[in-house]
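1. show me the folded form of this:
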Amino acid sequence: ARPAAADRADAAFTGPSIDLAAYFRGLDTSERDVEIIRPDLPGVVTERMILQAKGPGPLFRWIAAGFVNTSDVAQDVVIVIPEQGFVGSGFGWPQPPGGRVVSITAAGISELDRISAMGRGAYAFTLEPGKSAAIAFEATTAELPGARLWQRDAFDDQKDYLSFFRGALLGIAVLLTIAMTALYGFRARPVFLAAGGFALASLGFMILEAGHLPLIIEALRIPALDLQNSRAIIEGTMAAFLLLLLVTLADLHRIMPVTGNVLAVLGGLMLALPIYGFAEPLVAAGIARVLFAAVAVAGFLLILWLWRRGEAKAETSLVPWAAILLWTFVAAVAAASDPDSVAFSPVLLAGLCAVLVVLGFTLAHYAFSQGYLSRHFFREAGRRALALAGARAYVWDWQPEEGDLHVSEEIERALGQPPGLLADAGVEAFIELMHPSDRSAYETAVGEAEAEGRGSIEREFRLRHGDGSYRWFQLRARAMPGHGRRAARCI
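-> Residues are numbered from 1 along each chain as shown. From the prediction side, this is the model:
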């Protein structure tokens, strides 16, 4: 039988590509082998083609189109069919990811080449002048949304552009993931581990949406791992680490201990969601999407409330969480949109990369500033500096592991010594300025504090003034324990 008539797609079209939706005709059958009339021939011609299904059944869906070349030169064209990604996949019961084409049957062309195109099925063929061809796709869905016929040169240009664009975004995301995790080495804070986990899961999402994940799964050769449960693992991990990031970024353990502990436990329990993805990948992915959206919205409201209360951590967390909320909104619109809204995919990738950039800058600010900088921090530091100056007290900071001694610049002025004398020479210059009779007792007191790793130091000694006389000083310091029960710092 011949389905309802449709025009043939002319391979000699103008422009880079044309939409194929108007040229497709569908056929659903329970028979594995079916014979149809070629859709590329005029109605009076009844040449047939045999379609042999390769899918599991019991219902086999075929989508066919006819193509003709009305020009006097051969036309090199490419049929491009987007695979099912995040866009148009839905929420509660997401559509399975991956390709929509199971098999292809062609008539009227000598060869149909499958071209590598991440996230898309691309099939190239050459149509000679005045010739026609019929191509039938065995599909997993009733339609092939977003299918287009491209000129080969235009397709190659677009493919190169998308490869560069996606590659650049993935490269940035990889570097940010490494950087955020490495910040834990500068300051051992849980927020860096939570951010690193979220960044790693986000990188997995970007790899999936860019179409690279099937190649990774094929290379790993893990029997239980496929595209469906991989998506559930990635999206479940994103949701779990987003909740842990909220707890650590807003410092809820300190501000709201009970709430922080409950949310941290809940985040740990949510890490079981990726495991559930092996059993029910579609259900797990749907739950993960709902939880991610709930955490993004509730987290923003919580951080906004804490910021209005004057919490310094909330002030710094507001910008990255606003970026997360904005991306969540875009992702929700993309998931609920039509599957042929292919423009959403690069927006999702770029938006998630931007989220990681903002989060990375926030965490770097925290790691290298000894805390979240705020007006309160500067006011407190100013008060302490003025208090020390008013009391004629000076900072003495000894770090045994590095052999580094820092003393206030004010002590050089008080002794009438050249500026930078102690800063440049360090401990050697300090000992040299000390009265010879006081050096042994000073070194013994500091050495005992280093060995014990705790306790206080109280010692009086004399330092030489620029005019040759000696002035008395009193050292009062405390040892801070480090590795091996020895002091890491005396200050």
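2. point out where the protein drops to low pLDDT.
-> Scanning the chain with the threshold set as pLDDT under 70 gives 1-6, 42-45, 369-392, 401-402, 423-425, 483-484.
3. right, and Ala284 touches Met270 too?
-> No - with contact defined as C-beta atoms under 8 Å, Ala284 does not count as touching Met270 (10.9 Å). (Glycine included, C-beta is placed from N, CA and C.)
4. out of those two, which sits in the busier spot?
-> For Ala284 versus Met270, the count of surrounding residues by other C-beta atoms under 10 Å is larger for Ala284: 25 against 22.
5. in which helix or strand would I find the more buried one?
-> helix 281-308 (DSSP states H and E).
6. who touches both of Ala284 and Met270?
-> Gly236 (C-beta atoms under 8 Å, 6 or more residues apart in numbering).
7. what is the end-to-end distance of stretch 415-430?
-> By C-alpha to C-alpha, to the nearest Å, the extent of stretch 415-430 from end to end equals 12 Å.
8. next, the buried residues of it.
-> Neighbour counts over stretch 415-430 (16 or more other C-beta atoms under 10 Å) mark Leu415, Gln417, Leu421, Leu422, Gly426, Ala429, Phe430 as buried.
9. mind listing the strands for the stretch 51-200 of the chain?
-> For the stretch 51-200 of the chain, applying DSSP state E, counting those that start in this stretch gives strands covering 60-68, 75-82, 101-107, 113-115, 120-127, 132-139, 148-151.
10. and the contacts of the strand ranked longest in the chain?
-> Criterion DSSP state E: the longest strand present in the chain is strand 470-481. Defining contact as C-beta under 8 Å, 6+ apart, one finds that strand 470-481 is touched by 396, 398, 414-415, 435, 442, 449-450, 452-465, 487-491.
11. for the lengthiest helix in the chain, packing partners?
-> If you go by DSSP state H, the chain has its longest helix at helix 152-182. With contacts taken as 3 or more C-beta pairs under 8 Å, 6 or more residues apart in numbering; DSSP states H and E, helix 152-182 sits against strand 75-82, strand 120-127, helix 190-210, helix 344-368.
12. among those, which comes closest to Phe241?
-> Nearest to Phe241 among these is helix 190-210 (4.0 Å), distances taken as C-beta to C-beta.
13. got the angle for that closest one vs helix 152-182?
-> Here helix 190-210 points in a direction 170 degrees away from that of helix 152-182 (axes from the mean of the first three to the mean of the last three C-alpha atoms, to 10 degrees).
14. what about helix 190-210, distance to the chain center?
-> What separates the centre of helix 190-210 from the centre of its chain is 4 Å, taken as C-alpha atoms, centre = their mean, to the nearest Å.
15. ok, now stretch 58-73?
-> Remark: stretch 58-73 is offset 40 Å from the chain centroid, using C-alpha atoms, centre = their mean.
16. same check on stretch 192-212?
-> Distance, stretch centre to chain centre, for stretch 192-212: 4 Å (C-alpha atoms, centre = their mean).
17. make sure Val357 is actually in contact with Leu175.
-> No - if you go by C-beta under 8 Å, Val357 and Leu175 don't touch, sitting 10.1 Å apart.
18. who's more crowded, these two?
-> When neighbours are counted by other C-beta under 10 Å, Val357 and Leu175 differ, and Val357 comes out ahead with 15 against 12.
19. on that earlier part again, same for the helix holding Ala284, what does it pack against?
-> Judged by 3+ C-beta pairs under 8 Å, 6+ apart, helix 281-308 is in contact with helix 227-249, helix 273-279, helix 312-336.
20. give me whichever of those helices is most buried.
-> helix 227-249 (a mean of 25; mean count of other C-beta atoms under 10 Å).
21. that one relative to helix 281-308, how many degrees between them?
-> Interaxial angle of helix 227-249 relative to helix 281-308 (the same axes, to 10 degrees): 20 degrees.
22. hmm, who's touching whichever helix or strand comes after helix 227-249?
-> Counting by DSSP H and E, the element after helix 227-249 in chain order, helix or strand, is helix 252-255. Helix 252-255 has contacts (C-beta under 8 Å, 6+ apart) with Leu246, Val247, Thr259, Gly260, Asn261, Leu263, Ala264, Leu306, Glu311, Lys313.
23. mind running it again at 10 Å?
-> For helix 252-255, contacts defined as C-beta atoms under 10 Å, 6 or more residues apart in numbering pick out 190, 246-247, 258-264, 302-303, 306, 309, 311, 313-314.
24. of the residues you listed, keep whichever come out buried.
-> Here, 16+ other C-beta under 10 Å leaves Pro190, Leu246, Val247, Gly260, Leu263, Ala264, Leu302, Ile303, Leu306, Glu311, Lys313, Ala314 buried among these.
25. would you convert the strands of the stretch 51-200 of the chain into a markdown table that also reports mean neighbour count?
-> Shown next, in a markdown table, are the strands of the stretch 51-200 of the chain (neighbours: other C-beta atoms under 10 Å):
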| stretch | mean neighbour count |
| --- | --- |
| strand 60-68 | 23 |
| strand 75-82 | 22 |
| strand 101-107 | 17 |
| strand 113-115 | 12 |
| strand 120-127 | 20 |
| strand 132-139 | 23 |
| strand 148-151 | 21 |
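26. of those, give the one that comes closest to Ala294.
-> strand 75-82 (29.2 Å).
27. and the closest one with helix 152-182, angle?
-> Interaxial angle of strand 75-82 relative to helix 152-182 (the same axes, to 10 degrees): 40 degrees.
28. and the end-to-end length of stretch 38-51?
-> Where stretch 38-51 begins and where it ends lie 11 Å apart, using C-alpha to C-alpha.
29. start the count at 634, not 1, going forward
-> Yep, numbering from 634; the last one is stretch 671-684 now.
30. distance of the residue nearest the centre of the chain relative to Ala1110?
-> Centroid check for the chain by C-alpha atoms, centre = their mean gives Ser835 as the closest residue, at 3.2 Å. Separation of Ser835 from Ala1110 (C-beta to C-beta, to the nearest Å): 45 Å.
31. and Ala987, by the same measure?
-> Counting by C-beta to C-beta - Ala987 and Ala1110 are separated by 47 Å.
32. ok, now Leu1055?
-> 16 Å.
33. one more: Gly721?
-> To Ala1110, Gly721 is 65 Å away according to C-beta to C-beta.
34. which SS class is Ile683?
-> strand (DSSP: H, G, I helix; E, B strand; the rest coil).
35. is it true that it touches Arg665?
-> No - using C-beta atoms under 10 Å, Ile683 is not in contact with Arg665, being 11.1 Å away.
36. ok, Asp673 touching Ala740?
-> Yes - contact criterion C-beta under 10 Å: Asp673 and Ala740 qualify, at 7.8 Å.
37. identify the contacts common to these two.
-> Common neighbours of Asp673 and Ala740, counting by C-beta under 10 Å, 6+ apart, are Glu680, Met682, Ala697, Gly699, Ser765, Ala766, Ala767, Ile768.
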